[in-house]
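# Here you go, sequence then predicted model.
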Amino acid sequence: MQRQLIKHVLERTDVGAKVTVAGWVRTRRDSKGGFSFIELHDGSSFSGLQIIADGELPNYETDVLSLTIGSAARITGTLTESPGQGQAVEIKAEVVEVFGFADPDDYPLQKKRVSFEHLREIAHLRPRTNTIGAVARVRSALSYATHRFFQERDFLYVHTPLITASDAEGAGEMFRVTNFNPADPPRAEGGAVDYAQDFFGRPAFLAVSGQLNAEAYALALDRVYTFGPTFRAENSNTRRHLAEFWMIEPEMAFADINDNSDLAEDYVKYLVRYVLDNCSDDLEFFNKWVQEGLLDTLAGVVDGSFERITYTEAVDILAASGETFEFPAEWGSDLQSEHERYLTEVAIKKPVIVTDFPFDFKAFYMRRNDDGKTVAAMDVLVPQIGEIVGGSQREERLDVLAESMDIKGMDRDHYWWYLDLRRFGSAPHAGFGLGLERVVQFTTGMQNIRDVIPFPRTPRNVGF
């Protein structure tokens, strides 16, 4: 008989039907009446399925009574009404097949609370827990909703390279890609490593962003988006940073900063609405056990509008707040997480889009405003997380872009093809980046970004 996922079995009402399920045991309780209650999970839903295993089963003594938490089994039986609370149906087992037992003396996930710190040390087993399993389902739903959102709006999905010679952010925090023997690389005259002999014939790196390549396609295909891993060699051990994370980056031709802000607001609302509609059990769990008030926060994002203020207005609000911040809010300094959360949680009490940041600390590709001091950049800030989207109108004027590159100390020769896009049919265009992990954090209430990606990559941590 074909196996069904537990989430579909829980929706069935055809009592008396034969059903086959498979999964991992969460609990087993034995009754004095000669039968056992087994809670089985397969990861397809937050809820598990109760199995009634009668003592008359031929392998009851040998297998059923040996089932412990973590054991893998397949059950075939009859769908019956459940007299207990919490689920409408259960299965009366007729066949119990055990594929793998889990020794309770060794299995690290027993029926007790385990810290997130410890779960990171057993990342290969943590998706079997309620919390990380729920995170995985929400993350999957957000990924699907991302593709649906952009496809519905006629964006083309473009696969940008993960190996690049260009630093899209200009920050220099990149992982090098090479096939040299690090103990004995070839040397040029003077002793420097001779990258002309490397695989690509020049220094190459893991991409920090797909944006620059996406711009090339947007200036041919009108609107595109990327969705893939990006890499930052930033030696930062915080709950907000990862060395490898997933980014969604749309680019639109014939668009300005206002179009960009509109798209970002629509996208964030779409994501939140989708998980509210499709991950209700998981979100109710997070609302109860992880972040009280989460559902109200998410509903407020969907139902309300995002406030729009300039960077200068944001600094004025912070300066007039009377709050003592760790980092003073001064014009010319970037907004910190504490500033972003104050704006969204205290001052304005809803998501905020901040625009027109100082040129000095923003990327070279952002369009210079007429005041000469600011650029057409935009950040979307949400409660609890802070920045969830960062983007800008791109600089389409060749002379201004070249000047910005010179000011930022960038080598024009490395970006000859990017400058070409401004020589041949340049047009206004804009785009942004959204880190998937940040939006998973926002929609689940999880505090540490390492707990919303399957296998986190952070400094000194690449064990799985």
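That came in fine, so what should we check first?

# can you pull out the strands in the stretch 301-450 of the chain?
Assigned strands in the stretch 301-450 of the chain, in chain order: 307-310, 352-358, 374-382, 386-393, 429-435 (criterion: DSSP state E, counting those that start in this stretch).

# TSV for those strands, including mean neighbour count and distance to residue 117?
Placement of C-beta: from N, CA and C, glycine included. Formatted as TSV, the strands of the stretch 301-450 of the chain follow (neighbours: other C-beta atoms under 10 Å; distance: least, C-beta to C-beta, whole Å):
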stretch	mean neighbour count	distance to residue 117
strand 307-310	16	36
strand 352-358	22	32
strand 374-382	25	26
strand 386-393	23	23
strand 429-435	24	22
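
# For stretch 398-416, measure first residue to last.
End-to-end distance of stretch 398-416 (C-alpha to C-alpha, to the nearest Å): 11 Å.

# Quick one: mean pLDDT for that stretch?
Averaged over stretch 398-416, pLDDT sits at 94.

# List the buried residues in that stretch.
For stretch 398-416, a neighbour-count test (16 or more other C-beta atoms under 10 Å) marks 401-402, 404-405, 410, 415 as buried.

# Determine which of the strands of the stretch 301-450 of the chain approaches residue 300 most closely.
strand 374-382 (10.1 Å; C-beta to C-beta).

# Give me the mean pLDDT for the helix or strand in which residue 120 is found.
Here residue 120, judged by DSSP states H and E, is contained in helix 116-121. For helix 116-121, mean pLDDT is 93.

# Give me the distance from it to the chain's centre.
In terms of C-alpha atoms, centre = their mean, to the nearest Å, the centre of helix 116-121 is set 19 Å apart from its chain centre.

# Tabulate the buried residues of stretch 398-416 in TSV, adding columns for distance to residue 442.
Formatted as TSV, the buried residues of stretch 398-416 follow (distance: C-beta to C-beta, whole Å):
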residue	distance to residue 442
401	33
402	38
404	32
405	34
410	33
415	34
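
# ok, now which ones touch residue 430?
Residue 430 is in contact with 251-252, 255-257, 259-260, 376, 391-394, counting by C-beta atoms under 8 Å, 6 or more residues apart in numbering.

# Residue 144 now?
So residue 144 contacts residue 274 (C-beta under 8 Å, 6+ apart).

# Tell me if it really is in a helix.
Yes - according to DSSP: H, G, I helix; E, B strand; the rest coil, residue 144 belongs to a helix.

# Now do the helices in the stretch 351-464 of the chain.
Here the stretch 351-464 of the chain has its helices, by DSSP state H, counting those that start in this stretch, at 398-407, 416-423, 436-444.

# how about those, which one is nearest residue 50?
The nearest among these, by C-beta to C-beta, is helix 436-444 at 26.4 Å.

# What angle do strand 429-435 and that closest one make with each other?
On the basis of axes from the mean of the first three to the mean of the last three C-alpha atoms, to 10 degrees, helix 436-444 is oriented at 60 degrees to strand 429-435.

# Please list the residues outside helix 436-444 that contact it.
By C-beta under 8 Å, 6+ apart, the residues outside helix 436-444 that reach it are 134-135, 138-139, 142-143, 146, 242, 245-248, 268, 271-272, 275, 282-283, 286, 290-291, 294, 298, 382, 384-385, 387-388, 446-447, 449, 452-453.

# circling back: with respect to residue 60, which of the helices of the stretch 351-464 of the chain lies nearest?
helix 436-444 (39.8 Å).

# So, low pLDDT: which residues of this structure?
Residue ranges of the chain with pLDDT under 70: 168-172.

# all helices for it, in order.
Secondary structure of the chain (DSSP state H): helices at 6-9, 116-121, 130-152, 211-221, 257-278, 280-289, 294-303, 311-319, 337-342, 398-407, 416-423, 436-444.

# Pick the most deeply packed of those.
Highest mean neighbour count among the helices of the chain (mean count of other C-beta atoms under 10 Å): helix 436-444, with a mean of 25.

# got the angle between that one and strand 386-393?
The directions of helix 436-444 and strand 386-393 differ by 130 degrees, with the same axes, to 10 degrees as the criterion.

# got the angle between helix 436-444 and helix 280-289?
Angle of helix 436-444 versus helix 280-289, following the same axes, to 10 degrees, is 70 degrees.

# The strands of the stretch 301-450 of the chain: which one's closest to residue 192?
Closest approach to residue 192 among the strands of the stretch 301-450 of the chain (C-beta to C-beta): strand 429-435, 33.8 Å.

# Can you tell me the closest non-neighbouring residue to residue 5?
Spatial nearest neighbour of residue 5, chain neighbours left out: residue 44 (4.0 Å); criterion: C-beta to C-beta, 6 or more residues apart in numbering.

# and the gap between the one you found and residue 24?
From residue 44 over to residue 24 the distance is 12 Å, taken as C-beta to C-beta, to the nearest Å.

# ditto for residue 33
Applying C-beta to C-beta, the value for residue 33 to residue 24 is 26 Å.

# Comparing these two, which residue is more hemmed in?
Shown here are residue 33 and residue 24; by other C-beta atoms under 10 Å, residue 24 has more neighbours (20 against 8).
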